[in-house]
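Colleague: Show me how the following folds:
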Amino acid sequence: MPSSVMPTSHRADGHPSPAAVSAVGLRKSYGDKTVLDGIDLSIPAGSVFALLGPNGAGKTTVVKILSTLITADGGQSRVGGHDLAADPQAVRAAIGVTGQFSAVDGLITGEENMLLMADLHHLSRGEGRRVAAELLERFDLTEAAKKPASTYSGGMKRRLDIAMTLVGDPRIIFLDEPTTGLDPRSRHNMWQIIRGLVSGGVTVFLTTQYLEEADQLADQIAVLNDGRIAAQGTAEELKRLIPGGHVRLRFSDPAVYRAAVAALGEAARDDEALALRVPGDGSQRELRSLLGRLDAAGIEADELTVHTPDLDDVFFALTGTDPRPSQSSLPAQSKENVR
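Modeller: Sure thing, here's the model as predicted:
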């Protein structure tokens, strides 16, 4: 899989349609520190693109450049069909941005926050009230609309944040770590909101520290490391880049374990746990073959588990950084499926 090519979207007539967001050779430095060192992106309209990377990898810098908040030192970019350098105002009119930290003003009500955004978008008083009411209802905030935003939970504030972003009806939305600090239930609710936006034709550019989030939402994923794109593709394409899939067999009887060792010579041994690791991708075909070999030798394992590489493994292999400690707020989940 080429690491620098992403698929383009296609119109009904089969011809490629312009990418919602594209960048070629994007570069940015701060003094002697190179943050971005030639980033290429092509994001089809109506899709979710996730940018992953360790803290400090430059994810937020990419978002800031593409949303016109800062300028790149080099490279070319187009957002919503507009050249970023030549027509930044047209880019701003086409996009919405929700940063890591809430833009909600806690001193005023949710409704007042919405009406303030409507004023900033130069909507008439009546149109602003209509749009605000529709979005507050859409994001299940109608009952809380008259309450100060400071009284909202974290999940409510993030929903209000995105609702405010949608006042201008953007077709491209940048979400910079939108679920950071949310509890698992609020995070899943936010995922549903993002899926709803995309089903309505909106393009979502997402940065996240939660690999499960990218796995669940993204049509395309890129891993940013040391200022460059280390790899990109679908979640499944990225997982196939990483070896390490295996089947783990555990035995309670030492004699049966020794017989399995003899029958499965290629397996890695754990004599203390009476367990074997057999390399494989966990496919049904491979499992049938493995179980057939055990049956032929009259061996039955007490436990069989399948491990396939996930985005944690991909992230670690590409960046040398283990992402799991940063996901401590997520419910513990085993990567092995007990059969």
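Colleague: sec struct for Val131, please.
Modeller: helix (DSSP: H, G, I helix; E, B strand; the rest coil).
Colleague: Count the neighbours of the nearest residue to Gly46 once chain neighbours are set aside for me.
Modeller: The shortest distance from Gly46 to any non-neighbouring residue, by CB to CB, 6 or more residues apart in numbering, is to Gly201 (5.1 Å). (Each C-beta comes from the backbone N, C-alpha and C, glycine too.) A count of nearby residues for Gly201, using other CB atoms under 10 Å, gives 9.
Colleague: Same question for the one 10 residues further on.
Modeller: Neighbours of Leu211 under the rule other CB under 10 Å: 24.
Colleague: Was I right to think it contacts Pro309?
Modeller: No. Between Leu211 and Pro309 there is no contact under CB atoms under 8 Å: 11.8 Å.
Colleague: okay, which residue of this protein is out on the far edge from center?
Modeller: Ala255 (46.7 Å; CA atoms, centre = their mean).
Colleague: That one is in what secondary structure piece?
Modeller: Secondary structure assignment for Ala255, by DSSP states H and E: helix 254-263.
Colleague: distance of the residue nearest to Gly46 from Thr68?
Modeller: Distance of Gly201 to Thr68, given as CB to CB, to the nearest Å: 22 Å.
Colleague: again, but for Asp87
Modeller: 10 Å.
Colleague: Leu304 too?
Modeller: Leu304 is 54 Å from Thr68, by CB to CB.
Colleague: repeat for Glu134
Modeller: 27 Å.
Colleague: Looking at those two, which one has more neighbours?
Modeller: It is Thr68, of Glu134 and Thr68, that has more neighbours when counted by other CB under 10 Å, with 20 against 13.
Colleague: The more buried one is in what secondary structure piece?
Modeller: Using DSSP H and E, no helix or strand contains Thr68.
Colleague: Need the phi and psi values for the residue nearest to it when sequence neighbours are not counted.
Modeller: Closest residue to Thr68 apart from its sequence neighbours, by CB to CB, 6+ apart: Pro88 at 4.4 Å. Backbone torsions for Pro88, taken as degrees, to the nearest 10, come to phi -60, psi -30.
Colleague: same thing with the one 3 residues further on?
Modeller: Note on Val91: its backbone torsions stand at phi -60, psi -50 [degrees, to the nearest 10].
Colleague: got the domain boundaries for this structure?
Modeller: The chain breaks down into these domains under automatic domain parsing: 21-104+152-240, 246-307.
Colleague: For the residue nearest to Asp119 when sequence neighbours are not counted, give me its contacts.
Modeller: Computed as CB to CB, 6+ apart, the closest residue to Asp119 that is not its neighbour in sequence is Gly128, at 6.6 Å. Residues near Gly128 by CB atoms under 8 Å, 6 or more residues apart in numbering: Met114, Leu115, Ala118, Asp119, Val167.
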